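Colleague: sequence first, predicted model second:
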Amino acid sequence: MVGMGTIVNAAAIVAGGLLGSLVVPRVPDHVRESIMQALGLGVILIGLQMAQGTQELLLVLLSLAIGAAAGEVGRLDDRLQAVAARLARFAGHGRSGFAEAFVNTTLLFCVGAMAITGALQDGLGGNPDTLYAKAVLDGTSAVVFASTMGPGVVLSAIPVLLYQGAITLGAGLLSRVLTPDMIREIGAVGGLLVLGLGLNMTGAARLRVANILPAMFVVPVLLAVRRLALDF
């Protein structure tokens, strides 16, 4: 069944988030803070590994600059925080921790190349294996993050479902547009966003990572423009 990979992925996040949330009341605040900082270091490492795949460093840097400018103008971080706040009120939870959990894990689960390639494979050939592997990773991460950040992690399954589902449904069109080098550089940009999340989690920085999200869409456009210019 086409789309099953994304459904399983979202379900794994919900299950992991619920399981992890049950641990929250039993963990002292200072322990949660230390765990969060340690997880932040791990997330930084993941981001570095993703970003190392780039072969177009200048285009990636240009994409980050353009994407950040567009995100600031569009106030994406503020809008995502507002969505998280509404979800927090709906769920009856305090705004700050809930919103942070929702925003951080939404970005973490969506920005990787694995989300794009897995959703494309699922949509084109009905092969959900990559997304099944991602479900295991995301579900495990959801347990850990929910145990320190709270139940906001659970609702990050919604944007994952919408984002990957849209890619799966539009796979036929996207497969004719996205080349392997585009997917690679999207993953590299996503890796830098993940690195930014890790820095935020450690408390070393307060980057508005959501405002840089447009960079993931800018880099394939720049690659396409360069290819057209060279062909011309």
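Modeller: Looks like it came in fine. Numbers count the residues shown, from 1 in each chain.
Colleague: can we go C-alpha only for contacts and neighbour counts from here?
Modeller: Fine.
Colleague: please save the CA atoms from the lowest-mean-pLDDT helix or strand in the chain in CSV.
Modeller: Ranked by mean pLDDT, DSSP states H and E, the helix or strand of the chain with the weakest confidence is helix 76-91, at a mean of 76. Listed in CSV are the C-alpha atoms of helix 76-91, where the atom choice follows Å, rounded to 0.1, in the frame of the first residue of the first chain:
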residue,chain,number,x,y,z
LEU,A,76,8.4,31.1,10.0
ASP,A,77,9.8,30.5,13.5
ASP,A,78,7.1,32.8,15.1
ARG,A,79,4.4,31.0,13.1
LEU,A,80,5.6,27.6,14.1
GLN,A,81,5.8,28.6,17.7
ALA,A,82,2.2,30.0,17.4
VAL,A,83,1.0,26.7,16.0
ALA,A,84,2.7,24.9,18.9
ALA,A,85,1.1,27.2,21.4
ARG,A,86,-2.3,26.5,20.1
LEU,A,87,-1.7,22.8,20.2
ALA,A,88,-0.4,23.2,23.7
ARG,A,89,-3.6,25.0,24.8
PHE,A,90,-5.7,22.4,23.0
ALA,A,91,-3.9,19.6,24.8
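Colleague: same for the next helix-or-strand element following it, what does it pack against?
Modeller: Following helix 76-91 in sequence order, the next helix or strand is helix 95-110 (DSSP states H and E). Taking 3 or more C-alpha pairs under 8 Å, 6 or more residues apart in numbering; DSSP states H and E as contact, the helices and strands that helix 95-110 lies on are helix 76-91, helix 129-149, helix 157-169, helix 180-202.
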